[in-house]
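[1] I would like the atomic coordinates for the input below:
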Amino acid sequence: MDSMKSPVLMRKGAEASLYLTEWHGNKVIMKKRLSKRYRPTVLDDQIRVYRTIHEPQLMHEAKLAGVPTPIVFLVDVENTTIVMEYVEGRRIKELINNVPQKERQRICFKIGQMIGLLHKHGVIHGDLTTSNMILNPEETIFFVDFGLGEKCRELEARGVDLHLMQRALESTHYLVAEECFDAIFKGYSGVLGNDVSKSVLDKVKEIEKRGRYVAERREKE
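    Residues are numbered from 1 along each chain as shown. Purely as a prediction, here's the structure:
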């Protein structure tokens, strides 16, 4: 990475730091996975290396499913770093509350379609939030940050993925959360069909009940 210009820190997350820089004439994001002191060193190294290798693989699988993701230019396993395309545009998180209702529903419907494509292809994103979706100037939605994802077709995994999406909406976009999730689920159902989608939605509701039960138990203790 000798030809890389001085990186500028864009965001520091729980798992990794994102830097904006330029590499071989391309504007890129450098994602550097962070060491966790609470983990034993050997285990920490194994987790960071695994996720550094696994994330680009899932991004490729997402592309095969028809879901746009950034181009990966370099995977530096030794330094647990991924260099990928910088996607111009705005995070869905920043615009979903500020667009007309019809446009918001159109965006959410499209998001639901793409989640459906991922699940149909056996890809679980693992961190479905509006922070991890970018709308570019051509009106294409890119999914990013597959670091916690996996290849899985189990109902439970699909339910957890959609439940995370629902919780993210309720947390960040609470005034329009129900409207957004309804539109997402319509798009999702259009890809996976009513029967499969209903099973996933039932699983989402079951997961929600589990969470409430645990919270109630903690309050009583």
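
[2] contacting residues around the nearest residue to residue 121 once chain neighbours are set aside?
    Closest residue to residue 121 apart from its sequence neighbours, by C-beta to C-beta, 6 or more residues apart in numbering: residue 65 at 3.5 Å. All C-beta spots, glycine's among them, are computed from the backbone N, C-alpha and C. Applying C-beta atoms under 8 Å, 6 or more residues apart in numbering to residue 65 gives the contacts 117, 118, 120, 121, 123.

[3] what do you get if the cut-off is 6 Å, keeping everything else the same?
    Each residue near residue 65 by C-beta atoms under 6 Å, 6 or more residues apart in numbering is listed here: 117, 118, 121.

[4] I'd like the residues you listed as JSON lines, with distance to residue 78, secondary structure and pLDDT appended.
    Below are the contacts of residue 65 laid out as JSON lines (distance: C-beta to C-beta, whole Å; DSSP: H, G, I helix; E, B strand; the rest coil; pLDDT from 0 to 100):
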{"residue": "117", "distance to residue 78": "33", "secondary structure": "helix", "pLDDT": "98"}
{"residue": "118", "distance to residue 78": "30", "secondary structure": "helix", "pLDDT": "98"}
{"residue": "121", "distance to residue 78": "30", "secondary structure": "coil", "pLDDT": "97"}
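
[5] Which pLDDT value belongs to the closest residue to residue 90 other than its chain neighbours?
    Nearest non-adjacent residue to residue 90, counting by C-beta to C-beta, 6+ apart: residue 135, 5.7 Å away. The model reports residue 135 with a pLDDT of 97.

[6] Residue 135 reaches residue 143, doesn't it?
    No. Applying C-beta atoms under 6 Å as the test, residue 135 and residue 143 come out as separate, 11.2 Å apart.

[7] With neighbour numbers in mind, choose between these two.
    For residue 135 versus residue 143, the count of surrounding residues by other C-beta atoms under 10 Å is larger for residue 143: 25 against 21.

[8] OK, contacts around that one?
    Here residue 143 is in contact with 67, 69, 133 (C-beta under 6 Å, 6+ apart).

[9] Let me have the residues you listed in JSON lines, extended by distance to residue 161.
    As requested, the contacts of residue 143 are exported to JSON lines (distance: C-beta to C-beta, whole Å):
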{"residue": "67", "distance to residue 161": "13"}
{"residue": "69", "distance to residue 161": "16"}
{"residue": "133", "distance to residue 161": "13"}
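
[10] Looking at the residues you listed, which one is closest to residue 152?
    Comparing the contacts of residue 143 against residue 152 with C-beta to C-beta places residue 67 closest, at 15.9 Å.

[11] Surely the closest one touches residue 119?
    No. Between residue 67 and residue 119 there is no contact under C-beta under 6 Å: 10.5 Å.

[12] So which of the two has more stuff around it?
    residue 119 (25 against 21).

[13] nearest spatial neighbour of residue 64, skipping sequence neighbours?
    For residue 64, the closest residue by C-beta to C-beta, 6+ apart turns out to be residue 121, at 6.6 Å.

[14] For the residue nearest to residue 90, list the residues it contacts.
    Under the criterion of C-beta under 6 Å, 6+ apart, the neighbours of residue 135 are 89, 90, 141.
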